[in-house]
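Q: Here's my sequence, what's the structure:
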Amino acid sequence: MQIVELDDLIDLMKSISSSVKEKLISKYLKKERVNFQSKSTDINVLLNRVKLNQKNESRKKLYFSAAASTGLILFGLIIF
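A: Reported below is the predicted structural model:
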């Protein structure tokens with residue numbers, strides 16, 4: 001009686017292991033679904049972003065020019 005139960009147990013373990021293998025393999029073989037959703041962008045948002053970037057760049061240029069001018073003036077005062 002134990003031999004029959006042991007054989008059944010072995011068969012059960014084989015079927016479980018094969019199903020687990022199949023699940024693991026199928027996970028890697030599945031192709032990802034590509035969702036093609038049309039993304040719309042508002043032109044006003046893009047234009048506002050460009051304006052902000054230009055404003056920030058002009059501020060940076062102004063700060064750099066002010067720092068360079070101050071440096072030159074201080075250097076000139078120290079030498080003379």
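Q: Relative to Asp7, how far out is Asn56?
A: Separation of Asn56 from Asp7 (Cβ to Cβ, to the nearest Å): 77 Å. Every residue, glycine included, has its C-beta placed from N, CA and C.
Q: Please apply the same query to Ser15.
A: Distance, Ser15 to Asp7, using Cβ to Cβ: 13 Å.
Q: same deal with Leu77?
A: 101 Å.
Q: Check Leu47 too.
A: 76 Å.
Q: Then Leu52?
A: Relative to Asp7, Leu52 is positioned 75 Å away (Cβ to Cβ).
Q: cool, and Lys14?
A: Relative to Asp7, and taking Cβ to Cβ, Lys14 is found at 11 Å.
Q: Phe80 too?
A: For Phe80 relative to Asp7 (Cβ to Cβ), the value is 105 Å.
Q: which one of those two has more residues nearby?
A: Higher neighbour count among Phe80 and Asp7: Asp7, with 10 against 5, using other Cβ atoms under 10 Å.
Q: So which bits of the strand or helix carrying the more buried one are buried?
A: Using DSSP states H and E, Asp7 falls within helix 2-29. Buried residues in helix 2-29, counting neighbours by 16 or more other Cβ atoms under 10 Å, are absent.
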